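**Student:** Please find the sequence and the predicted model below.
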Amino acid sequence: MSDDKSSRGPVDARRINVNEEYEARYWIPDLDVSEDELRVVVKRVGVMAADVRKALGKA
């Protein structure tokens, strides 16, 4: 399965891949965070979207 770089959303909506620009662009407004904040939270709690939302108080 290949990643479609023209996709507007994540390949797997359960995971946040901050290393793919198109995925970061999707998650930043969805979570209402800066790119730096998103990277920090993902580094701290992991890539699972539910864990990131919980850490940001958006669960």
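**Tutor:** Thanks, I have the structure now. This structure is a prediction, so every number in the text was calculated from the model and none was measured.
**Student:** All the helices of the protein, in order from the start?
**Tutor:** With DSSP state H as the definition, the chain shows helices at residue ranges 21-31, 35-45, 49-55.
**Student:** Can you lay out those helices as JSON lines showing mean pLDDT and mean neighbour count?
**Tutor:** The way it works is simple: take the backbone N, C-alpha and C, and place the C-beta from them, glycine included. Shown next, in JSON lines, are these (pLDDT from 0 to 100; neighbours: other C-beta atoms under 10 Å):
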{"stretch": "helix 21-31", "mean pLDDT": "94", "mean neighbour count": "16"}
{"stretch": "helix 35-45", "mean pLDDT": "97", "mean neighbour count": "15"}
{"stretch": "helix 49-55", "mean pLDDT": "97", "mean neighbour count": "16"}
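**Student:** Any idea which of those helices gets closest to Arg15?
**Tutor:** Distances from Arg15 to each of the helices of the chain were compared by C-beta to C-beta, and the smallest falls on helix 49-55, at 6.4 Å.
**Student:** same for the closest one, what does it pack against?
**Tutor:** With contacts defined as 3 or more C-beta pairs under 8 Å, 6 or more residues apart in numbering; DSSP states H and E, the secondary structure elements packing on helix 49-55 are helix 21-31, helix 35-45.
**Student:** Of those, which is nearest Lys58?
**Tutor:** Each of those was scored for nearness to Lys58 using C-beta to C-beta, and the closest is helix 21-31 (6.3 Å).
**Student:** returning to that earlier point: turn the helices of the chain into JSON lines, including distance to Pro10.
**Tutor:** What follows is those, written out as JSON lines (distance: least, C-beta to C-beta, whole Å):
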{"stretch": "helix 21-31", "distance to Pro10": "5"}
{"stretch": "helix 35-45", "distance to Pro10": "12"}
{"stretch": "helix 49-55", "distance to Pro10": "8"}
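**Student:** about what we covered before: and the helices and strands packed on helix 49-55 as CSV, adding distance to Gly9?
**Tutor:** Shown next, in CSV, are the helices and strands packed on helix 49-55 (distance: least, C-beta to C-beta, whole Å):
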stretch, distance to Gly9
helix 21-31, 5
helix 35-45, 15
